[in-house]
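Participant: sharing a model prediction with you, sequence too.
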Amino acid sequence: MKTPRPNLPALALAAGVPGATAPEPAAAVPARLLVKVCGMRDAAALAAIAALGPDFLGFIFAPKSPRFVGDVLAPELVRALPPTIWKVGVFVNETTENILAMAHRFGLAAVQLHGKETPAQCEELNEAGLLVMKAFSVGEAVDFNALLPYVPYCDFFLFDTKGAAPGGNGAIFDWSLLSAYNLPVPYFLAGGLGLEHAAELAALHLPGLAGVDLNSSFETAPGVKDAGRLGEMLKALKK
Ligand SMILES: O=C(O)c1ccccc1NCC(=O)[C@H](O)[C@H](O)COP(=O)(O)O
């Protein structure tokens with residue numbers, strides 16, 4: 001059974017995706033940054049954070065991460081989240097078979113590939129009906145040409161700070177590196193984003209920027225998100 005996908009046209013419009021069409025004027029959302037809260041692991045906070053209305057919630061299925069879902073979070077809790085929120089499984093160099101099994105078990109509508117996944121694997125997952133986000137680590141420079149083979153199979157890219165771990169390093173990178181972005185895939189900005197960046201992010205204009213990814217800066221412990229601080233951030237970003 002396919003997991004129902006939230007309203008992609010409305011999200012695409014919000015993100016300024018080229019060629020996105022309005023589903024109905026009433027359903028169109030004002031232009032604003034999409035928000036993904038990543039690394040959800042704490043059952044106690046899940047409902048409170050979902051109630052804040054993030055566009056995407058990320059669940060990490062990389063065993064080495066301190067935010068690894070493992071057996072900590074019951075699949076039913078994830079499946080029961082409102083259908084308006086995209087449930088994203090975050091994977092690092094996982095097989096397509098295992099990704100699809102987890103997507104089915106947790107009712108995931110989207111996958112974020114945070115390792116060395118190939119365009120062919122993105123294509124397989126896209127053909128399986130999942131929204132595909134491919135993450136790329138950013139150091140001193142970005143070679144956008146290297147991303148070209150991924151363009152046909154990805155709904156979003158995600159640019160994250162290069163660090164010791166594949167993700168969740170809690171450090172920002174030089175966002176001005178993205179001012180030369182010229183590909184048709186919208187992207188999320190990730191890496192160490194915190195409340196202190198809210199005003200700058202709300203005013204940020206970068207080609208292709210669709211949303212922001214929030215993670216370790218909003219935690220009291222790895223995987224334990226602070227709903228109060230996240231609420232403040234969402235409010236600031238939606239102004
Ligand atoms: O967060 C993790 O532990 C993680 C581990 C392995 C792969 C990906 C991971 N996170 C994916 C994300 O999208 C994070 O939100 C992103 O890396 C930014 O995290 P942070 O720097 O903590 O804001």
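Facilitator: Looks like it arrived, so ask away. Numbers count the residues shown, from 1 in each chain.

Participant: quick one: low-confidence ranges for the chain?
Facilitator: 1-30, 239 (pLDDT under 70).

Participant: which residue, other than its chain neighbours, is closest to the residue positioned nearest the centre of it?
Facilitator: Nearest to the mean C-alpha position of the chain, by CA atoms, centre = their mean, lies Lys36 at 4.9 Å. Leaving aside its chain neighbours, Lys36 sits nearest to Phe56 (3.7 Å; criterion: CB to CB, 6 or more residues apart in numbering). Heads up, the C-betas are built off the backbone N, CA and C, glycines and all.

Participant: mind listing what the one you found touches?
Facilitator: By CB atoms under 8 Å, 6 or more residues apart in numbering, the contact set of Phe56 is 34-37, 85-88, 110, 211.

Participant: against the ligand, how distant is it?
Facilitator: 10 Å (CB to the nearest ligand atom, to the nearest Å).

Participant: what residues are bridge-paired with that residue?
Facilitator: Counting by DSSP bridges, Phe56 forms beta bridges with Lys36, Trp86.

Participant: can you show me the CA trace of stretch 188-197 as PDB?
Facilitator: What follows is stretch 188-197 as a C-alpha-only set of coordinates in PDB (Å, rounded to 0.1, in the frame of the first residue of the first chain):
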ATOM      1  CA  PHE A 188      16.900  22.800   2.000                       C
ATOM      2  CA  LEU A 189      19.600  24.600   3.900                       C
ATOM      3  CA  ALA A 190      20.900  22.500   6.900                       C
ATOM      4  CA  GLY A 191      23.700  22.500   9.400                       C
ATOM      5  CA  GLY A 192      23.700  24.100  12.800                       C
ATOM      6  CA  LEU A 193      20.700  26.300  12.200                       C
ATOM      7  CA  GLY A 194      19.500  27.800  15.500                       C
ATOM      8  CA  LEU A 195      17.200  30.500  16.900                       C
ATOM      9  CA  GLU A 196      20.000  33.000  16.600                       C
ATOM     10  CA  HIS A 197      19.800  32.600  12.700                       C
END
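
Participant: can you pull the phi/psi pair for Ala101?
Facilitator: phi -60, psi -40 (degrees, to the nearest 10).

Participant: now do the one 10 residues further on
Facilitator: Backbone dihedrals for Val111, given as degrees, to the nearest 10, come out at phi -130, psi 140.

Participant: same question, Trp175
Facilitator: Per degrees, to the nearest 10, the backbone of Trp175 is at phi -60, psi -20.

Participant: next, count neighbours for it.
Facilitator: Neighbours of Trp175 under the rule other CB atoms under 10 Å: 17.

Participant: ok, now Asp55?
Facilitator: 23.

Participant: quick check: it vs the ligand, distance?
Facilitator: Separation of Asp55 from the ligand (CB to the nearest ligand atom): 14 Å.

Participant: thinking again about what came up before, and the contacts of Phe56, which two are furthest apart?
Facilitator: Lys87 and Gly211 (15.4 Å; CB to CB).
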